[in-house]
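> got a predicted structure plus its sequence, pasted below:
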Amino acid sequence: MPLILGVDPGSRKMGYGLINKQGGKLIYVASGIIRIPQPLLVADCLAERLKVIFDSLNEVIEKYQPQEFAIEQIFMSKNASSALKLGQARGAAIVAAATQNLPVAEYEARKIKQAVVGTGAADKLQVQHMVKTLLALPKAPPEDAADALAVAICHANTYELLIRQAGAKKYRRGRIVAQKQ
C-alpha cells in the first residue's frame, strides 16, 4: 500500500501524520504539528501563515515521499471569518500536495471519526485513544497529530475498499494490479 500523508488543517497549527498499511496492519511512520510562529499570529498576517503551511508541508512531502494525500474537509462553524481562514489554510495544504503531484482525497470529520472510532460523534479523546491503539503507539499523539493520523487511517481503509470493489487482488507501487479474467 502506498505511504499516506493525512492532514488536519488549521490556520494556527496544522497536524500531519504518515502511515502505511501492510496486509491488514496499519504501520505508523511519522507525525507532527506545523505551528505558525507567534509573531505571525499576533500580526495576523494570513498570507505569511499560508506560506508557512505551504513551505512546511512541502518539506514533509519531500522528506517522506508519500504517494497519497488525504485532508479533512471543513465544516461550517458559527464564525464565518474562522471558517474562511481554515478554508484558506486547507487550500495552502492542498496546493502543496498538488505541486508534488499527489492525488488529493478529502473526508468529512464524521466519516473520519466513524472509520477510526466507530461513531461519527466521537470526541477528540476517543480519536486519540483509538489512533494510539490502531497504530500500536506507546502513548497517544498530540491532538492535532492524532487527528491527522485518523485522516490517514480513514484514507487507508477507503483506498483498500475501493481496490476490492474494483475487483483487484493486489496493488504494487501505489497502482492497482487488475485481477486476471
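Now that the structure is in, tell me what you want to look at.
> average pLDDT for the host helix or strand of Ala146?
Using DSSP states H and E, Ala146 sits in helix 143-165. What helix 143-165 shows for mean pLDDT is 84.
> and for stretch 45-59?
93.
> contacts for that stretch next, please.
Contacts with stretch 45-59, where a contact means CB atoms under 8 Å, 6 or more residues apart in numbering, come from 7, 11-12, 14, 16, 34, 36-37, 40-41, 85, 88-89, 91-93, 95-97, 99-100. Just so you know, the C-beta spots here come from the backbone N, C-alpha and C atoms, and that holds for glycine as well.
> in that stretch, what's buried?
Residues of stretch 45-59 classed as buried by neighbour count (16 or more other CB atoms under 10 Å): Arg49, Leu50, Val52, Ile53, Phe54, Ser56, Leu57.
> which members of the contacts of stretch 45-59 occur in strands, if any?
The members of these that map onto strands under DSSP state E are Val7, Met14, Tyr16, Ile34.
> need those in a markdown table (columns: neighbour count and pLDDT).
A markdown table is the format used below for the ones in strands among the contacts of stretch 45-59 (neighbours: other CB atoms under 10 Å; pLDDT from 0 to 100):
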| residue | neighbour count | pLDDT |
| --- | --- | --- |
| Val7 | 29 | 98 |
| Met14 | 28 | 96 |
| Tyr16 | 29 | 98 |
| Ile34 | 22 | 97 |
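> tell me which of those is nearest to Leu135?
Leu135 lies nearest to Tyr16 out of these, by CB to CB, at 14.4 Å.
> now do the contacts for that closest one.
The contact partners of Tyr16, taken as CB under 8 Å, 6+ apart, are Leu5, Gly6, Val7, Asp8, Ser31, Gly32, Ile33, Ile34, Leu57, Val60, Ala145, Ala148.
> wait, the fifth one sits on Gly15?
Yes: in terms of CB atoms under 8 Å, Ser31 counts as a neighbour of Gly15; the distance is 7.2 Å.
> would you state the helices of this structure in chain order?
Along the chain, the stretches classed as helices by DSSP state H are 38-43, 46-64, 80-99, 109-116, 124-134, 143-165.
> save those helices as CSV, and put in distance to Ala70 too.
Listed next are the helices of the chain as CSV, based on distance: least, CB to CB, whole Å:
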stretch, distance to Ala70
helix 38-43, 26
helix 46-64, 13
helix 80-99, 9
helix 109-116, 9
helix 124-134, 14
helix 143-165, 4
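> looking at the protein, which helix or strand is least sure?
Using mean pLDDT, DSSP states H and E, strand 175-177 stands out as the lowest-scoring helix or strand of the chain, at a mean of 51.
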